[in-house]
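Q: Next comes the sequence, and after it the predicted model I'd like to discuss.
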Amino acid sequence: MPVILLDKPYVSSFLKNTLGRYQFPVVTTPAATPFLEPQIPTIGEDEAIARARAAAHPRLYTNSENAIGWIAQNLGFSDLPDKIDLFKNKLRFRQLLQEEYPHFYFRGISDTGLDTLDIASVPVPFIIKPAVGFFSMGVYQVSAPEDWPQTLAAIHAEIEMVRHLYPPQVMDASQFIIEEMIPGDEYAIDAWFDEEGQPHIVGIYKHLFSSEADTSDRVYVTSRHIIETNLPRFTDFLATIGRLADVRNFPLHAELRLSPEGVLQPIEINPMRFGGWCTTADMTARSFGLNPYQSYLQNQPPNWPELLESKGDEVYAMIVLDNSTGIPGDDIRQFEYDRATLSFDRVLEVRPLDWRTWPVFGFLFVQTDSEDACELRHLLNSDLREFVVRRDATI
């Protein structure tokens, strides 16, 4: 029997409905209480721990990495906390892959060491990010040595702004990782490993960027073509990861790059969940009729040929409306979601969020004709100020 851990920041209606429809039990932690509804079955913490202890490889799912702390505190008798840390800590993850990618440059550095970093000792261009991070926070590209002072100031400012939003298991800026740039197109994958350690992909998204210097999470697209083209090689890639890490009954959200020569290089792997904020899994259900939660929790691998049979050239896009305006959330009175969706012919969902609490206005799920559609490109390049009404604005 699977066990579900719910936590902040967000639980979608689709996930709640899935839990109720299939009677997947949620552990009654204090963090889960605000998200519980009458149709969702529950179990106590002691029972959940007992179930995990009785299983060789307990089948757990979390909507949020905030729940990692509960797993570490209560399931230390299993190998799950260590497997989670192996992926969550980007330094450990790079060390795990060192034999597969022996020439890949990376190094760890403490937050106190950033100010005294000898930039001449680091090959440029490079990416710097928290060793334990989330949602592209604190992630920067340095293209030339002279860019470092400005990047350093931006890192300090952003980390100070977001350090209170997530627990240290999710976002810990005490240590950073510097690594070489990985060329190619970037993809995000939702997948799970079964009891035999075999991977099953339940979603593939291409990550679009506005420029080579862009490191944001603004637009992700999926389509029949994207899945059919990449499913075999991405599955082989995950099989290698699974072999190195020896994971079973394990969901994850992976980010990787595919070079023009066809070489796959992992960026990071986020454990125990699919895309954050119930995004990519919900979007896959809307796009292809596949419920990734149900697939994993009932151990039912997807039949992709059947799921894609009726699909054509249409593209499904998930748009992250992160607050890139430079305006503090408390100074914003309104975000005009209707105007942001005006140019799209088919809007699948508008998901508003509390931008005063979180650095994001919400998410848009839409359908377009192509990944180069002008409406997608517009939002990809927009700082979103055009959709914001400040508190001090006159009406």
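A: Okay, I see it.
Q: going forward, measure contacts and count neighbours with C-alpha atoms only.
A: Will do.
Q: list the contacts for residue 186?
A: 206-208, 255-258 (C-alpha atoms under 8 Å, 6 or more residues apart in numbering).
Q: Inside helices: which ones of these?
A: Judged by DSSP state H, helices contain none of these.
Q: out of these, which are buried?
A: Taking 16 or more other C-alpha atoms under 10 Å as the criterion, what is buried in those is 206-208, 255-258.
Q: Among those residues, which lie within strands?
A: If you go by DSSP state E, the buried ones among the contacts of residue 186 have 206-208, 255-258 in strands.
Q: Next, count neighbours for residue 260.
A: When neighbours are defined as other C-alpha atoms under 10 Å, residue 260 has 10 of them.
Q: Now pLDDT and distance to residue 84 too, for the ones in strands among the buried ones among the contacts of residue 186, in JSON lines please.
A: Converted to JSON lines, these look like this (pLDDT from 0 to 100; distance: C-alpha to C-alpha, whole Å):
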{"residue": "206", "pLDDT": "97", "distance to residue 84": "25"}
{"residue": "207", "pLDDT": "95", "distance to residue 84": "24"}
{"residue": "208", "pLDDT": "94", "distance to residue 84": "28"}
{"residue": "255", "pLDDT": "93", "distance to residue 84": "16"}
{"residue": "256", "pLDDT": "94", "distance to residue 84": "18"}
{"residue": "257", "pLDDT": "92", "distance to residue 84": "22"}
{"residue": "258", "pLDDT": "93", "distance to residue 84": "25"}
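Q: which secondary structure elements does the longest helix along the chain contact?
A: Taking DSSP H as the criterion, the chain has its longest helix at helix 224-245. Contacting helix 224-245 under the criterion 3 or more C-alpha pairs under 8 Å, 6 or more residues apart in numbering; DSSP states H and E are the following elements: strand 199-208.
Q: Sort out which residues of the strand it packs on are buried, please.
A: Using 16+ other C-alpha under 10 Å as the burial criterion, the residues of strand 199-208 that qualify are 199-208.
Q: What of stretch 31-42?
A: Within stretch 31-42, the residues that count as buried by 16+ other C-alpha under 10 Å are 31-32, 35-36, 40-42.
Q: same thing with stretch 121-131?
A: 122-124, 126-131.
Q: Of all pairs in the buried residues of strand 199-208, which one spans the longest distance?
A: 199 and 208 (25.1 Å; C-alpha to C-alpha).
Q: what about residue 77, neighbour count?
A: Residue 77: 12 neighbours (other C-alpha under 10 Å).
Q: Now do the host helix or strand of residue 47: distance to the chain's middle.
A: Residue 47 is part of helix 45-54, with elements assigned from DSSP states H and E. The chain centre lies 28 Å from the centre of helix 45-54; the measure is C-alpha atoms, centre = their mean, to the nearest Å.
Q: any residues touching that helix, and which ones?
A: Contacts for helix 45-54 (C-alpha under 8 Å, 6+ apart): 3, 27-29, 58-59, 74-75, 77-78.
Q: Ok, stretch 309-321 next?
A: 217-225, 279-280, 283, 287, 360-371, 384.
Q: what does stretch 364-384 give?
A: 208-210, 218-219, 221, 283, 313-321, 323-325, 341, 343-351.
Q: Return the subset of those lying in strands.
A: Secondary structure from DSSP E places 208, 219, 221, 315-321, 346-351 of the contacts of stretch 364-384 in strands.
Q: which among these end up buried?
A: Here, 16+ other C-alpha under 10 Å leaves 208, 219, 221, 315-321, 347-348, 350 buried among the ones in strands among the contacts of stretch 364-384.
Q: pLDDT below threshold where in the stretch 201-350 of the chain?
A: Confidence mapping of the stretch 201-350 of the chain against pLDDT under 70 gives the ranges 215.
Q: redo that, cut-off 50
A: Along the stretch 201-350 of the chain, the model assigns pLDDT under 50 to no residue.
Q: domain assignment for this protein?
A: Domain ranges of the chain: 3-87, 100-180, 185-390, per automatic domain parsing.
Q: Turn these into TSV, including distance to residue 94.
A: Converted to TSV, the domains of the chain look like this (distance: least, C-alpha to C-alpha, whole Å):
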stretch	distance to residue 94
domain 3-87	9
domain 100-180	8
domain 185-390	9
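Q: Quick one: the helices in this protein, in order.
A: Listed in chain order, the helices of the chain (DSSP H) span 13-22, 45-54, 68-74, 80-88, 90-96, 148-162, 224-245, 280-288, 292-297, 304-308, 337-341, 374-381.
Q: Go through these and name the closest to residue 176.
A: Nearest of the helices of the chain to residue 176, taken as C-alpha to C-alpha: helix 90-96 at 8.6 Å.
Q: Please export the C-alpha coordinates of that closest one as PDB.
A: Extracted C-alpha coordinates of helix 90-96, given in PDB (Å, rounded to 0.1, in the frame of the first residue of the first chain):
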ATOM      1  CA  LYS A  90      24.200  18.300  -6.100                       C
ATOM      2  CA  LEU A  91      27.800  17.700  -4.900                       C
ATOM      3  CA  ARG A  92      27.100  14.100  -4.000                       C
ATOM      4  CA  PHE A  93      25.200  13.600  -7.200                       C
ATOM      5  CA  ARG A  94      28.200  14.800  -9.300                       C
ATOM      6  CA  GLN A  95      30.500  12.500  -7.300                       C
ATOM      7  CA  LEU A  96      28.100   9.600  -8.000                       C
END
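Q: Counting by contacts, list what it packs against.
A: The helices and strands touching helix 90-96, judged by 3+ C-alpha pairs under 8 Å, 6+ apart, are helix 80-88, strand 106-110, strand 126-132.
Q: Out of the ones you listed, which is the most enclosed?
A: Burial of these is given as mean neighbour count (mean count of other C-alpha atoms under 10 Å); strand 126-132 ranks first at a mean of 22.
Q: Nearest to residue 238 among the buried residues of strand 199-208?
A: Distance to residue 238 across those (C-alpha to C-alpha) is lowest for residue 199, with 6.3 Å.
Q: Spatially nearest residue to that closest one, not counting backbone neighbours?
A: residue 193 (4.4 Å; C-alpha to C-alpha, 6 or more residues apart in numbering).
Q: pLDDT score for the one you found?
A: The model reports residue 193 with a pLDDT of 98.
Q: Leaving out the residues flanking it, which one is nearest to residue 110?
A: Setting aside the residues directly before and after it, residue 110 is nearest to residue 175 in space (C-alpha to C-alpha, 6+ apart), at 4.2 Å.
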